[in-house]
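Chemist: return atomic coordinates for the entry below.
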Amino acid sequence: MSVRVSSMSVLPPVRKDRIVARLPQCFRKEAAFHTKEDFNNKVRTACQEQRTGTVGFKISKVIVVGDVAVGKTCLINRFCKDAFDKNYKATIGVDFEMERFEVLGVPFSLQLWDTAGQERFKCIASTYYRGAQVVIIAFDVNDVASLGHVRTWLEDALKENDPTAVQLFLVGTKKDLSSPAQYSQIEQDALKLAQEITAEYWAVSSLTGENVKEFFFRVASLAFETNVLAELEKSGSRQIGGVVTLQTTCMLLQRRSSQTAASKMAADVSSQRYGLRMRGKSCGGISVVEAGRWSLTSVFPGREITFPCGMWILVVLLTLTCSYRATQQLHTKLLFCNCRDAKE
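Modeler: Alright, predicted model coming up:
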């Protein structure tokens, strides 16, 4: 009796509070990737038919960058550990957390990289930017200067990644410390900047947890949707390519069959110069060369040495090279003897 084991069962189970059944909505429609209320129809259909390929085993890399003390670590800790540490501790280099989701019944993982904002650690942190699928740029809604440095952080992140393959989020932190009037003013500037750099804007509070879970669920869902669409595109191209290859192969077989119908004979091609012999036979109009191997017979009389077909080119080249070098050496010796005789 055969037992079918699901490919996803080898992975650890997903927490119940990490299950996504519908696409989380954006924070502001003015600055969002799209304002659709649900996942792409192709993505939902692929998940229902279990045609997501290797998406369930993939890990989407997310990097969080921004000025020092804007709350990058607190943002990640609030979501991953549901904790908030009031004591400030600067991140040295980088740190990361792993979070697993279940999106439309398919497991999906996010690798959240917390990078240092201090200038002295910038060269270290930038080495970990490579391979990111999502870039989160955090700024303090109470600090206008941190918003002004967003473009610099964006340039550093895109140096190591393909700008067309990265999803960008602009996140304002410490919303609980801002008054409504102050926040309204900086939000307008942030929305304008987000539109200019093609980023989705969010405002959160790590202290109260406001919008933190919704934000990361949105990040995971959009990253998942992008991966599934890419997987469907690859599988579609493979299927199309397979049909073209099959048709081309059939045409070649028919052509070879018609060419060999007039002369059916065992292929016995020999070269007296290099002592190489290819022995083959005809099978259904297709030349079969004895499992693709050549034989050396005249080089070693009484013995037969076989080697792969591709090796015969190397043998010929080596033979020619050795002959050329021997000729050059002989020519040099003759010149030397002639010069010596001339001097004498």
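Chemist: please make it C-alpha for all contacts and neighbour counts, starting now.
Modeler: Will do.
Chemist: what separation do you get for Phe161 and Tyr129?
Modeler: No Phe there; residue 161 is Asn. Taking CA to CA, to the nearest Å as the measure, Asn161 falls 7 Å from Tyr129.
Chemist: higher neighbour count, those two?
Modeler: Using other CA atoms under 10 Å, the more surrounded residue of Asn161 and Tyr129 is Tyr129, with 23 against 16.
Chemist: Glu200 touches Thr35, doesn't it?
Modeler: No. Using CA atoms under 8 Å, Glu200 is not in contact with Thr35; the gap is 10.8 Å.
Chemist: need the overlap of contacts for the two.
Modeler: Common contacts of Glu200 and Thr35, defined by CA atoms under 8 Å, 6 or more residues apart in numbering, comprise Cys26.
Chemist: looking at the two, which one has more neighbours?
Modeler: More neighbours surround Glu200 than the other of Glu200 and Thr35, with 24 against 13 (other CA under 10 Å).
Chemist: for that one, phi and psi?
Modeler: Backbone torsions of Glu200, given as degrees, to the nearest 10, read phi -100, psi 130.
Chemist: can you pull the contacts of it?
Modeler: Cys26, Ala31, Ala32, Phe33, Leu168, Phe169, Leu170, Ala194.
Chemist: how close does it sit to Glu187?
Modeler: 13 Å.
Chemist: so who does Ser126 touch?
Modeler: Asp156, Ala157.
Chemist: on that earlier part again, taking the contacts of Glu200 one by one, which sit in helices?
Modeler: In helices, judged by DSSP state H, the following of the contacts of Glu200 are found: Ala194.
Chemist: so Phe96 sits against Asp114, correct?
Modeler: Yes. At 5.5 Å, Phe96 and Asp114 qualify as touching, with contact defined as CA under 8 Å.
Chemist: between the two, which is the more surrounded one?
Modeler: Neighbours around Phe96 and Asp114, counted as other CA under 10 Å, are more numerous at Asp114. The numbers are 26 against 16.
Chemist: so what's the more buried one closest to, chain neighbours aside?
Modeler: Asp95 (5.0 Å; CA to CA, 6 or more residues apart in numbering).
Chemist: check the secondary structure at that neighbour for me.
Modeler: strand (DSSP: H, G, I helix; E, B strand; the rest coil).
Chemist: ditto for Val62
Modeler: Val62 is classified as strand under three-state DSSP.
Chemist: please apply the same query to Arg44.
Modeler: Going by three-state DSSP: Arg44 is helix.
Chemist: give the contact list for it.
Modeler: Leu104.
Chemist: need the pLDDT of it.
Modeler: Here the pLDDT value assigned to Arg44 is 95.
Chemist: could you do Thr127 as well?
Modeler: Per-residue confidence at Thr127 stands at 86 (pLDDT).
Chemist: and for Arg293?
Modeler: We have a pLDDT of 43 for Arg293.
Chemist: repeat that for the one 3 residues further on.
Modeler: Per-residue confidence (pLDDT) for Leu296: 42.
Chemist: repeat for Arg238
Modeler: 52.
Chemist: send the alpha carbons of stretch 227-239 over as CSV?
Modeler: The C-alpha trace of stretch 227-239 is given here as CSV (Å, rounded to 0.1, in the frame of the first residue of the first chain):
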residue,chain,number,x,y,z
ASN,A,227,6.1,34.6,-6.0
VAL,A,228,3.1,32.6,-7.1
LEU,A,229,2.7,34.7,-10.3
ALA,A,230,6.4,34.3,-11.0
GLU,A,231,6.1,30.5,-10.5
LEU,A,232,3.1,30.4,-12.8
GLU,A,233,5.0,32.3,-15.5
LYS,A,234,7.9,29.9,-15.3
SER,A,235,5.7,26.8,-15.5
GLY,A,236,3.8,28.3,-18.4
SER,A,237,7.0,29.0,-20.3
ARG,A,238,8.3,25.4,-19.6
GLN,A,239,5.0,23.9,-21.0
